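Undergrad: When you get a sec, could you give me coordinates for this:
(chains A and B)
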Amino acid sequence: DAKTTQPTSMDCAEGRAANLPCNHSTISGNEYVYWYRQIHSQGPQYIIHGLKNNETNEMASLIITEDRKSSTLILPHATLRDTAVYYCIVCGGSNYKLTFGKGTLLTVNP
Amino acid sequence: GAGVSQTPSNKVTEKGKYVELRCDPISGHTALYWYRQSLGQGPEFLIYFQGTGAADDSGLPNDRFFAVRPEGSVSTLKIQRTERGDSAVYLCASSLPGQGVTEQFFGPGTRLTVL
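TA: Alright, predicted model coming up:
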């Protein structure tokens, strides 16, 4: 699976949009971009995934660049409960192993 | 509805002892996964079950680790002759059949401490 690079940490003000970047320059054509998050002392939680089109659900939006070498997870109105480690994972559609890096610690400040 | 549950939530044991960690997946989820998370790191894949059989156990670190899922539902991760380096949070996840990595539902984990 392609390797991903994320910033170690980010801060965001409550109520503002949080934009979390991820680089995956070696992604191959059949690999998806997945985002999970892990709130302190809990198991990871699925957020969203995409192949090449932008995706939106009730939790977030995923913007994937046209060359698919990077993506951005957008939390449109961050709340204090969104403080968590966010993991960007690249994985083939038939694969089942999630390969987690160290992720980005997002801290939402009041 | 009920999510993935794991018991115990915390386990403290002594070096050399045997431990069992239990995972109850979401009802109807035929795929079950075990991960291990060390402090400050992301979760690391251990083993994947599809039904009763281990489809991929390539992440198990050595032969002291073993997992079973005899009836295709509850799974038990077994660790023999525990070592201090086995201390970690052990996470279990489950997913619907055919879903691959689309959405794995994780339990809260079991924190294992080996003294």
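Undergrad: Touching, residue A:68 and residue A:27? I think so.
TA: Yes. Assessed by CB atoms under 8 Å, residue A:68 is found in contact with residue A:27 at 5.3 Å. The C-beta positions use only the backbone N, C-alpha and C, and glycine is treated the same way.
Undergrad: what's the overlap in contacts for these two?
TA: residue A:33 (CB atoms under 8 Å, 6 or more residues apart in numbering or on different chains).
Undergrad: Excluding chain neighbours, what is closest to the residue nearest the centre of chain B?
TA: The residue lying closest to the centre of chain B (CA atoms, centre = their mean) is residue B:34, at 3.3 Å. Using CB to CB, 6 or more residues apart in numbering or on different chains and skipping residues adjacent in sequence, the residue nearest residue B:34 is residue B:46, 4.2 Å away.
Undergrad: ok, residue B:63 to chain A distance?
TA: When distance is defined by CB to the nearest CB, to the nearest Å, residue B:63 is 20 Å away from chain A.
Undergrad: Helix, strand or coil: sort out that residue for me.
TA: coil (DSSP: H, G, I helix; E, B strand; the rest coil).
Undergrad: Tell me how many other residues crowd it.
TA: As a burial measure, residue B:63 scores 7 neighbours (other CB atoms under 10 Å in any protein chain shown).
Undergrad: before we move on, back to that, could you confirm the residue nearest to residue B:34 falls within a strand?
TA: Yes. Residue B:46 forms part of a strand when assessed by three-state DSSP.
Undergrad: More neighbours: which of residue A:68 and residue A:27?
TA: residue A:27 (23 against 19).
Undergrad: Is that one located within a helix, as I assumed?
TA: No. Membership of residue A:27 in a helix is not supported by three-state DSSP, which gives coil.
Undergrad: got a list of what it touches?
TA: A:2, A:33, A:68, A:69, A:90 are the contacts of residue A:27 under CB under 8 Å, 6+ apart.
Undergrad: Number of residues surrounding the residue nearest to residue B:4 when sequence neighbours are not counted?
TA: In space, and not counting its chain neighbours, residue B:4 is closest to residue B:107: 3.6 Å by CB to CB, 6+ apart. Residues lying near residue B:107 (other CB under 10 Å) number 23.
Undergrad: Contact partners for residue B:107?
TA: A:43, B:3, B:4, B:5, B:6, B:23, B:24, B:91, B:92, B:93.
Undergrad: List only buried entries from those residues.
TA: Buried members of the contacts of residue B:107, scored by 16 or more other CB atoms under 10 Å in any protein chain shown, are A:43, B:4, B:6, B:23, B:24, B:91, B:92, B:93.
Undergrad: Any chance of these in CSV with distance to residue B:75 as columns?
TA: What follows is those, written out as CSV (distance: CB to CB, whole Å):
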residue, distance to residue B:75
A:43, 15
B:4, 10
B:6, 10
B:23, 5
B:24, 8
B:91, 12
B:92, 7
B:93, 11
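Undergrad: Could you say which helix or strand holds residue A:59?
TA: Using DSSP states H and E, residue A:59 sits in no helix or strand.
Undergrad: List the ones among the contacts of residue A:27 that fall in strands.
TA: Among the contacts of residue A:27, the members found in strands (DSSP state E) are A:33, A:90.
Undergrad: Up against chain B, what does chain A have?
TA: Residues of chain A found near chain B (CB under 8 Å from any CB of the partner chain) are A:32, A:34, A:41-46, A:49, A:85, A:87, A:89, A:91, A:93-103.
Undergrad: Just the buried residues of these.
TA: Using 16+ other CB under 10 Å as the burial test, those include A:32, A:34, A:43-46, A:49, A:85, A:87, A:89, A:91, A:95-100, A:103 as buried.
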